[in-house]
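J.: the amino acid sequence is not available; the structure is as follows:
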C-alpha cells in the first residue's frame with residue numbers, strides 16, 4: 001500500500017497527523033509595521049497582503065504562494081508562505097501601502113522555517129514605541145510630534161479638517 005495513502009482516517013474515523021516529512025514546507029516572514037502604533041487589525045492586514053500579492057503576481061501564483069498573516073502586534077507582523085516563494089512574498093509585502101484606509105508600510109526583517117525562531121527574534125529587538133512630544137510651532141503652524149527610536153520624527157498638524165505630511169531635513173530638525 002502506498003504510504004501517502006495510509007495516512008487519513010485511522011481506526012475509529014480519527015484523522016492522523018501527517019509526519020513532518022510529508023507535510024508541505026512553509027516559511028515564516030517577520031515584518032516590521034511602520035508606523036507601529038496603532039496595530040492594524042489582523043484580518044484587514046491579511047486582506048491587504050493578499051491584495052498586494054495578487055496585484056503583483058496574479059491569482060494562480062498567489063494560490064501557490066498561500067500568503068497568510070499569522071499574527072500582528074507590537075509593531076510586527078508574522079506572515080506564512082509556501083517554501084520557495086519567500087522572495088516574492090517579501091517583495092509583495094514591501095509594495096503594500098495601506099490597510100483599511102490607513103497608510104502603512106511593511107518592512108521584512110527576517111525569514112525562518114519556524115515561528116519560534118522569529119518570536120525569539122522579536123523578544124530580542126528593542127521596542128518600537130514612540131513618544132509624544134508636546135505641541136510645537138513650525139513655520140507658523142502648531143504641530144504634535146511623534147518621536148520614534150532612532151531619528152524619525154512625524155509631525156501632525158493640529159486641526160480638524162486634515163493632517164499635513166511633512167518631510168524634514170536635518171536643518172529643519174535643528175530649528176525645532
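T.: Perfect, I can see it now. Owing to the predicted nature of the structure, the values given are computational and were not obtained by experimental measurement.
J.: okay, residue 120: pLDDT?
T.: You'll see residue 120 listed with a pLDDT of 91.
J.: low pLDDT regions in the protein?
T.: 1-13, 126-136, 144-176 (pLDDT under 70).
J.: what about residue 110, neighbour count?
T.: 14 (other CB atoms under 10 Å). From N, CA and C alone the C-beta is placed, and that goes for glycine too.
J.: tell me what whichever strand or helix holds it is packed against?
T.: Using DSSP states H and E, residue 110 maps to strand 105-112. Counting contacts by 3 or more CB pairs under 8 Å, 6 or more residues apart in numbering; DSSP states H and E, strand 105-112 packs against strand 26-34, helix 86-95, helix 115-124.
J.: what angle do it and strand 26-34 make?
T.: Using axes from the mean of the first three to the mean of the last three CA atoms, to 10 degrees, the direction of strand 105-112 lies 150 degrees away from that of strand 26-34.
J.: of the helices and strands packed on strand 105-112, which is nearest residue 58?
T.: helix 86-95 (11.1 Å; CB to CB).
J.: break the protein into its domains for me.
T.: As given by automatic domain parsing, the domain ranges for the chain are 24-124, 131-175.
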